[in-house]
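Student: No letters, just coordinates:
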């Protein structure tokens, strides 16, 4: 569970983390807007994309209460040093059991250094694009590099869930979540106590309803992931990512937090919460 300061506040302390910062211009603009409004409490950043560099200053200036983490990217593009498609990583981890840990560790180190260069700070936490950070071989290599570089000061996202939240969440959890959780506990590295926010990116269920269910069921110290984007054209307004942005930037969002007795907190570091 994430180490959090002792408080007499009866509200649940929840991390709401916006993923994929840097992946698209629309995503960067959305996340900066939400961070300025304290509508999210953490942001996971893909450091190699031009968007991350272009929007890094705006994100850093958005709010002192936002924690920034490395969204470790080993799959986009799928070619390059220690890069491959997700399917290839799954085969290496579970079928071939053959991961070049030296090359992988070099890539992890490069992305950590890139994060420090772009954001002028160490990441508060690390997670993985497509959750590749939890795969066998990858997780141990990541933890070894983090421990050598930062000790136990950098948190790592867990996808272990404490409630039934659908097939996709269960499938992600089965790909190494419990093994990673055990490694983090053994090394004394902080993590989240619960995990939610994953769905099929279908808009058949209103995002507001999904979020309400996650907030009511998630444990104190849990993390809800989101992938918001601003609509680049009227045709995009109905896409799941744009629907997420619309809800999180609306007045309904802080009202829901208040109704559910939720206090937003940054992931990976002690810090002030967010009053709904």
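Tutor: Cool, got the structure. Note that the structure is a prediction, hence the values are computed from the model and not measured. Numbering: from 1, shown residues only.

Student: Describe which strands the lengthiest strand in the chain pairs with in its sheet and in which direction.
Tutor: Looking across the chain with DSSP state E, the single longest strand is strand 12-21. The pairing partners recorded for strand 12-21 under DSSP bridges are strand 42-45 (parallel), strand 223-226 (parallel), strand 262-264 (parallel).

Student: those strands in the stretch 101-250 of the chain, which residues are they?
Tutor: 125-128, 155-156, 195-196, 223-226 (DSSP state E, counting those that start in this stretch).

Student: now these in CSV, with mean neighbour count?
Tutor: The C-beta positions use only the backbone N, C-alpha and C, and glycine is treated the same way. As requested, the strands of the stretch 101-250 of the chain are exported to CSV (neighbours: other CB atoms under 10 Å):
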stretch, mean neighbour count
strand 125-128, 27
strand 155-156, 28
strand 195-196, 27
strand 223-226, 24
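
Student: Export these as JSON lines, with columns for distance to residue 108 and mean pLDDT.
Tutor: Shown next, in JSON lines, are the strands of the stretch 101-250 of the chain (distance: least, CB to CB, whole Å; pLDDT from 0 to 100):
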{"stretch": "strand 125-128", "distance to residue 108": "9", "mean pLDDT": "98"}
{"stretch": "strand 155-156", "distance to residue 108": "12", "mean pLDDT": "98"}
{"stretch": "strand 195-196", "distance to residue 108": "22", "mean pLDDT": "97"}
{"stretch": "strand 223-226", "distance to residue 108": "21", "mean pLDDT": "98"}
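
Student: Let's have those strands in JSON lines, adding distance to residue 92.
Tutor: As requested, these are exported to JSON lines (distance: least, CB to CB, whole Å):
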{"stretch": "strand 125-128", "distance to residue 92": "15"}
{"stretch": "strand 155-156", "distance to residue 92": "20"}
{"stretch": "strand 195-196", "distance to residue 92": "24"}
{"stretch": "strand 223-226", "distance to residue 92": "25"}
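
Student: Point out where the stretch 51-200 of the chain drops to low pLDDT.
Tutor: 78-81 (pLDDT under 70).

Student: one more time with 90
Tutor: 76-86, 90, 92-98, 166 (pLDDT under 90).

Student: For it, which segments count as helices?
Tutor: 86-91, 101-119, 138-150, 167-174, 177-187 (DSSP state H, counting those that start in this stretch).
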